[in-house]
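Q: Got a sequence here, can you build the structure:
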Amino acid sequence: QVQLVESGGGLVQPGGSLRLSCAASGRIFSIYRMGWYRQAPGKQRELVAAITSGGRTNYADSVKGRFTISRDNAKNTVYLEMNTLKPEDTAVYYCNAAVQVVPGTVYNDRWGQGTQVTVSS
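A: I've put the predicted structure just below:
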């Protein structure tokens with residue numbers, strides 16, 4: 001069993017900052033990619049940012065320059081630093097990880113339960 005546990009969501013005013021964390025635990029041999037997705041009411045889930053075990057990152061255009069993803073491989077933890085938040089960033093944010101349980105097998109996607117981020121005055 002692999003679990004992803006998110007923390008750090010909440011209510012923040014426009015222009016404010018939040019930091020999300022996601023720790024993976026359980027039977028884990030390797031994690032290739034970790035990332036954050038978000039889903040706003042009535043919209044599809046979308047990629048926000050992702051980072052590989054080697055540190056390569058990619059971001060949605062809407063968050064470039066405002067959000068920073070980072071990772072602690074030793075702790076199987078990924079972070080999302082969110083600055084200059086806008087009302088349109090309001091969504092449930094989900095942590096995602098591509099996890100290898102047994103060496104030489106495929107990586108499978110695992111998801112966290114989601115954490116609410118609300119940007120409002």
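Q: Quick check, central residue of the chain?
A: W36 (2.5 Å; CA atoms, centre = their mean).
Q: Distance of it relative to V78?
A: 7 Å (CB to CB, to the nearest Å). For every residue, glycine as well, the C-beta is placed using N, CA and C.
Q: Give the residues shared as contacts by these two.
A: Listed as contacting both W36 and V78 by CB atoms under 8 Å, 6 or more residues apart in numbering are 22, 69, 95.
Q: any idea how far the residue sitting furthest away from the middle of the chain is from F67?
A: For the chain, the largest distance from the centre (CA atoms, centre = their mean) belongs to G104, which lies 25.5 Å off. As for G104, its distance to F67 is 34 Å (criterion: CB to CB).
Q: what's the answer for L20, then?
A: In terms of CB to CB, L20 sits 10 Å off from F67.
Q: what do these two both touch?
A: With CB under 8 Å, 6+ apart, L20 and F67 have common neighbours 80, 82.
Q: list the contacts for A91?
A: Applying CB under 8 Å, 6+ apart to A91 gives the contacts 38-40, 43, 116-117.
Q: Export these to CSV and append columns for distance to D61, pLDDT and neighbour count.
A: As requested, the contacts of A91 are exported to CSV (distance: CB to CB, whole Å; pLDDT from 0 to 100; neighbours: other CB atoms under 10 Å):
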residue, distance to D61, pLDDT, neighbour count
R38, 14, 98, 23
Q39, 17, 98, 14
A40, 16, 97, 14
K43, 16, 96, 9
Q116, 23, 98, 11
V117, 18, 98, 22
